[in-house]
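J.: sharing a model that was predicted from the sequence below.
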Amino acid sequence: MNLTLKIWRQKNTAAKGEMKTYKVADISEDMSFLEMMDVLNEELITKGEDPVAFDHDCREGICGMCSMYINGEPHGPDRGITTCQLHMRKFKDGDTIHIEPWRANAFPVLKDLVVDRSSFDRIIQAGGYISVNTSGNSQDANAIPIPKENADLAFDAATCIGCGACVAACKNASAMLFVSAKVSQLSLLPQGQVEAKDRVLNMIQQMDDEGFGNCTNTGACAIECPKEISLDNIARMNREFLSASISK
Amino acid sequence: MSTLDSKIPEGPVADKWTNHKNHINVVNPANKRLIDVIVVGSGLAGASASASLAEMGYNVKTFCFQDSPRRAHSIAAQGGINAAKNYQNDGDSTYRLFYDTVKGGDYRAREANVYRLAEVSASIIDQCVAQGVPFAREYGGLLDNRSFGGVLVSRTFYAKGQTGQQLLLGAYSAMSRQIGKGKVSMYNRHEMLDLVLVDGKARGIIARNLVTGELERHSAHAVVLATGGYGNVFYLSTNAMGSNVTAAWRAHRRGAYFANPCYTQIHPTCIPRSGDYQSKLTLMSESLRNDGRIWVPKHLKDVEAIRSGKLKPTDLKEEDRDYYLERRYPAFGNLVPRDVASRAAKERCDAGFGVNKTGEAVYLDFSAAIMRYGREKAHTSHLENPTDDQVRALGEKVIEAKYGNLFQMYEKITDDNPYKTPMMIYPAVHYTMGGLWVDYNLMTTIPGCYAAGEANFSDHGANRLGASALMQGLADGYFVLPYTIGDYLADDIRTGKISTDSKEFEEAEKEVKNRLEALVNNKGSKSVDHFHKRLGKVMWDKVGMARNIQGLEEAIAEIQKIREEFYKDVFVPGSVNEFNPELEKATRVADFIELGELFAKDALDRNESCGGHFREESQTNEGEAKRDDVNFAFVSAWEWTGNPSEAKLHKEELVFENIELKQRSYK
């Protein structure tokens, strides 16, 4: 198929960006979206032009590095996948595709489609862990049975890949889905209970400090989330936050 | 020929590690604050080492080339992690895990290291659970296990098909806690481009800030390389796009021996390639072989009909299918080790039985498991005389709970529904057992330079068993390196901060700068990928699943030619001092080309078949791999002398005191 691409180009954080138009031809429907971008870049390089910078690494939907806002949706039109798993069979010959970076104050653009998501790392550093040192003699892993239901819910929350699609999808650029996934995972497990109150307060404080917006429950984040993290996690985090705020 | 000192402690294998820990030097807590350690890489080994070293009191600087340490490719590991917990009461033990790993590695690993790995494996699970890693559980609330290829017990802990992700996030969160405390300084989007030696010791690195393009000097008392494997030398592999050999290769060029580069694992269950534009291959976890049966049609006429779309695989009668693994290896069936399963798939496809248009695919079929689970479920839910459709629906639910994310991934990539039609799979490069040579303390031949996880060579011999990579990465990072590094650093408590103003740092930085500038000023006519693809094709065709003398000699000549052309004709756009992904690729591919030649040279030198290394000259009458213990029971450790073709071979003899060497049989 032949496609027209309108892509955000921005030399660096300080520079002003703009949309530029490119054409690609003979794209196979079995290609992944990023492979289509590879074809474009190969052409640009051959012509001596600057290739489009974009983040990507594992190309199997798990590292969370790829981050394209495609036709107004993070990770494009398909559901439950990242950009690297999006295949060109979701598009038609002659389509025009708009490709932009994640847009949020807390995610400044570094170049073209590449943004800086270190704010997510700082939120985890503020409390997204259980304070246990490495030791060769912690209690046996089976010492505390955990109801399967809780373990499964914790797992579902823990599958978050930290890509930032939730922020990009949100009209307020809120990071509530990301933060709540970690808060939920740890609060659902007995090991995480001990520090639960400090954790939720500290992580939310950091989230606010980074400049993420508020949650107004539109649910766009959960729809666009490549790992289909549920909105229930936000409810759980609000409950944790409220109870921690009252008792602290 | 010089001998390598592996520093294996004296005494019975079961006591070596405890004795060793009791007798090595320890740095007192107050002095640890005076010591800096650089960790390159933030995967399982790097993140766990960073966290543990920082907890102990060392000042740690950790580097990763990705935008966050959580992206390291350990995250993509699917199936699980082994540990000798014996929760299933099936007779598992430290010894049995040790034995399986040495046997699975085709008797080319170091006994003492493997025993230690098995010994600390149980602590890893305890540690991870304490960190909040949500492993799969049974209804009683206890941890669940599954079995994996090459073993006869259930010792694999898992979190659906995302075990690597959950373990890595555990290590990442432990490290994040230390970053929050200021004990780990994290350098995201930084790539190590050289190792700096001062007075023969590793004392720092030259790293490039990938956002600004600036070169930075970082010093430390020791440097840990946890930089993963080099499977991307094949261009197409299941590794992430950025996975590379550069850090390890640069250490090699500075004096670290590179061990067994030809030991590569070709994983049997990956999604087959679909076209020339393909940028990477996707793994389907080996855990699928627990429930999937592998087959091709028995008759070539059926193969033709399937390829042309006239026949659906589901319509082929049971007696017209060849479940070749069950046929050839009745004892292990579909659960034979990876190298055996991969070669068997290649054998069938080479004979013309491949089931897709490229002729390089076999079926992995879940229909039998779906019906079996469905009947079980119908029985427990007291459904009387269920119809086949009801049973199938129930069974699909069970399969979904076990492998849902893998099935979804398969469907998104291929547009086929694997619940209804068998998956198509083919082997792909997945893991490299070779790596930097290390002694028992995980130190390379450069004093103060350590290698952990996939970056070292030590534990898997010539073939790695499933679910052992995660075990090794975390064992090295949590439980081995933090102790053994103290033995070396104890001599450094009075050294003080290492200056980066020395001539050694200056020269190393200048060398890197020249190298980068030469690449961007080359202004050739071909992209970096052009050369990478050519290298990959030579590697796959001639240094892949089966190797022979003629092919290897041709490969070496062809790789030399690619190297020459690369430096003459590569085109790297942009400049050094900016965000420049093409330049990143160029430095990595330049090193892959050199490694590729050493890889082929190593494969040529090892005239035996062992594990993932299959030399056509060395096989039994039935076409099985034939090891040569008389002539090749050693580790090949290569010393850089200025050119891959002139690398000097050092041999570490492998001594087996606890396990009798046998020809592996999975029949």
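T.: Arrived safely, thanks for sending. Numbering: from 1, shown residues only, chains lettered A, B, ... in the order given.
J.: tell me how many other residues surround the closest residue to residue A:158 other than its chain neighbours.
T.: In this structure, residue A:158 finds its nearest non-sequential neighbour in residue A:185, 4.3 Å apart by C-beta to C-beta, 6 or more residues apart in numbering or on different chains. Bear in mind the C-beta positions are built from the backbone N, C-alpha and C, glycine included. Residue A:185 has 27 neighbours, counted by other C-beta atoms under 10 Å in any protein chain shown.
J.: and residue A:185, backbone torsions?
T.: phi -50, psi -50 (degrees, to the nearest 10).
J.: ok, now which ones touch it?
T.: A:154, A:155, A:157, A:158, A:192, B:132, B:134 (C-beta atoms under 8 Å, 6 or more residues apart in numbering or on different chains).
J.: per-residue confidence at it?
T.: According to the prediction, residue A:185 has pLDDT 98.
J.: report the separation between it and residue A:76.
T.: 27 Å (C-beta to C-beta, to the nearest Å).
J.: would you indicate which residues of stretch B:549-563 are buried?
T.: The neighbour-count check on stretch B:549-563 (16 or more other C-beta atoms under 10 Å in any protein chain shown) flags B:551, B:552, B:555, B:556, B:558, B:559, B:560, B:562, B:563 as buried.
J.: and if you look at stretch B:485-497?
T.: Those buried within stretch B:485-497 under the rule 16+ other C-beta under 10 Å are B:485, B:486, B:487, B:488, B:489, B:492.
J.: the fifth one in helix, strand or coil?
T.: If I follow you right, that is residue B:489. helix (DSSP: H, G, I helix; E, B strand; the rest coil).
J.: residue B:220 is in contact with that one, correct?
T.: No: here residue B:489 lies out of contact with residue B:220, judged by C-beta atoms under 8 Å, at a distance of 10.1 Å.
J.: pull up the overlap in contacts between those two.
T.: residue B:37.
J.: distance of the residue nearest to residue A:158 relative to residue B:132?
T.: In terms of C-beta to C-beta, residue A:185 sits 7 Å off from residue B:132.
J.: so for these two, which residues contact both of them?
T.: Common neighbours of residue A:185 and residue B:132 (C-beta under 8 Å, 6+ apart) are A:154, A:192.
J.: for chain A, see how far away the closest residue to residue B:8 other than its chain neighbours is.
T.: In space, and not counting its chain neighbours, residue B:8 is closest to residue B:112: 4.5 Å by C-beta to C-beta, 6+ apart. Per C-beta to the nearest C-beta, to the nearest Å, residue B:112 is found 18 Å from chain A.
J.: helix or strand: which one has residue B:112?
T.: Per DSSP states H and E: residue B:112 is located in helix B:111-131.
J.: now the helix or strand that comes right after that helix: average pLDDT?
T.: With elements assigned by DSSP H and E, the helix or strand that comes after helix B:111-131 is strand B:156-157. Strand B:156-157 shows a mean pLDDT of 96.
J.: contacts only, for residue B:113.
T.: Residue B:113 neighbours (C-beta under 8 Å, 6+ apart): B:440, B:458, B:459.
J.: mind checking how far stretch A:166-180 is from the chain centre?
T.: Distance of stretch A:166-180 from the chain centroid (C-alpha atoms, centre = their mean, to the nearest Å) equals 9 Å.
J.: the residue in chain A positioned nearest to chain B: what secondary structure?
T.: Nearest residue of chain A to chain B: residue A:145, at 2.9 Å (C-beta to the nearest C-beta). Under the three-state scheme (three-state DSSP), residue A:145 adopts coil.
J.: report how many residues lie close to it.
T.: The number of residues packed around residue A:145, counting by other C-beta under 10 Å, is 14.
J.: repeat that for the one 3 residues further on.
T.: Summarising burial for residue A:148: neighbours were counted as other C-beta under 10 Å, giving 16.
J.: wait, what's in contact with it?
T.: By C-beta under 8 Å, 6+ apart, the contact list for residue A:148 reads B:137, B:138, B:139, B:141.
J.: just among the residues you listed, which is most surrounded?
T.: Within the contacts of residue A:148, neighbour counts (other C-beta under 10 Å) peak at residue B:137, which reaches 22 neighbours.
J.: give me phi/psi at residue A:91?
T.: The phi/psi pair for residue A:91 (degrees, to the nearest 10) reads phi -120, psi 170.
J.: now it: how far from residue B:6?
T.: When residue A:91 is compared with residue B:6 (using C-beta to C-beta), they lie 56 Å apart.
J.: pop the domain breakdown of chain A in here.
T.: A:3-110, A:118-247 (automatic domain parsing).
J.: got TSV for those, with distance to residue B:253 too?
T.: Formatted as TSV, these follow (distance: least, C-beta to C-beta, whole Å):
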stretch	distance to residue B:253
domain A:3-110	25
domain A:118-247	32
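J.: right, and those - which one's nearest residue B:275?
T.: For residue B:275, the closest of the domains of chain A is domain A:3-110, at 5.8 Å, according to C-beta to C-beta.
J.: hmm, that closest one in reach of chain B?
T.: Yes: counting by C-beta under 8 Å from any C-beta of the partner chain, chain B is contacted by domain A:3-110 at A:12, A:28, A:30-32, A:34-35, A:38-39, A:42, A:45-46, A:48-51, A:53, A:55-65, A:78, A:80-81, A:85, A:87, A:89, A:110.
J.: put the buried members of those residues into a PyMOL selection.
T.: The following PyMOL line selects those of those that are buried, judged by 16+ other C-beta under 10 Å:
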select buried, chain A and resi 28+30+31+32+34+35+38+39+45+50+51+53+55+56+57+58+59+60+61+62+63+64+65+78+80+81+85+87+110
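J.: in strands only, show me the residues of domain A:3-110 next to chain B.
T.: residue A:110 (DSSP state E).
J.: residues touching residue B:360, list them.
T.: The contact partners of residue B:360, taken as C-beta under 8 Å, 6+ apart, are B:272, B:273, B:349, B:354, B:426.
J.: between those, which is nearest chain A?
T.: residue B:273 (10.1 Å).
J.: confidence score at the closest one?
T.: Here, the pLDDT recorded for residue B:273 equals 89.
J.: so it belongs to a helix, correct?
T.: No: counting by three-state DSSP, residue B:273 is not part of a helix but coil.
J.: remind me which residues of the chain are low pLDDT?
T.: Reading this off chain A. In the prediction, chain A carries no residues with pLDDT under 70.
J.: wrong one, I was asking about chain B
T.: Counting by pLDDT under 70, chain B contains low-confidence ranges at B:1-3.
J.: identify the residues contacting residue B:367.
T.: Per C-beta under 8 Å, 6+ apart, neighbours of residue B:367: B:314, B:422.
J.: same question for residue B:157.
T.: B:80, B:81, B:82, B:83, B:85, B:125, B:135, B:136, B:143, B:144, B:145, B:163.
J.: now the helices: where do they sit in the stretch 201-350 of chain B?
T.: B:246-253, B:300-307, B:324-328, B:338-350 (DSSP state H, counting those that start in this stretch).
J.: if we compare the ones you listed, which one ends up closest to chain A?
T.: helix B:246-253 (15.3 Å).
J.: list the helices and strands that closest one packs on?
T.: In terms of contacts (3 or more C-beta pairs under 8 Å, 6 or more residues apart in numbering or on different chains; DSSP states H and E), helix B:246-253 is packed against strand B:190-198, strand B:222-225, strand B:258-259, strand B:435-436, strand B:449-451, helix B:581-605.
J.: and with 10 Å instead?
T.: strand B:36-40, strand B:190-198, strand B:201-209, strand B:222-225, strand B:258-259, strand B:435-436, strand B:449-451, helix B:581-605 (3 or more C-beta pairs under 10 Å, 6 or more residues apart in numbering or on different chains; DSSP states H and E).
J.: okay, buried residues for it please.
T.: Buried residues in helix B:246-253, counted by 16+ other C-beta under 10 Å: B:246, B:247, B:248, B:249, B:250, B:251, B:252.
J.: is the lengthiest helix in chain A anywhere near chain B?
T.: Secondary structure assigned by DSSP state H gives helix A:232-247 as the longest helix of chain A. No: using C-beta under 10 Å from any C-beta of the partner chain, helix A:232-247 stays clear of chain B, with a minimum separation of 13.6 Å.
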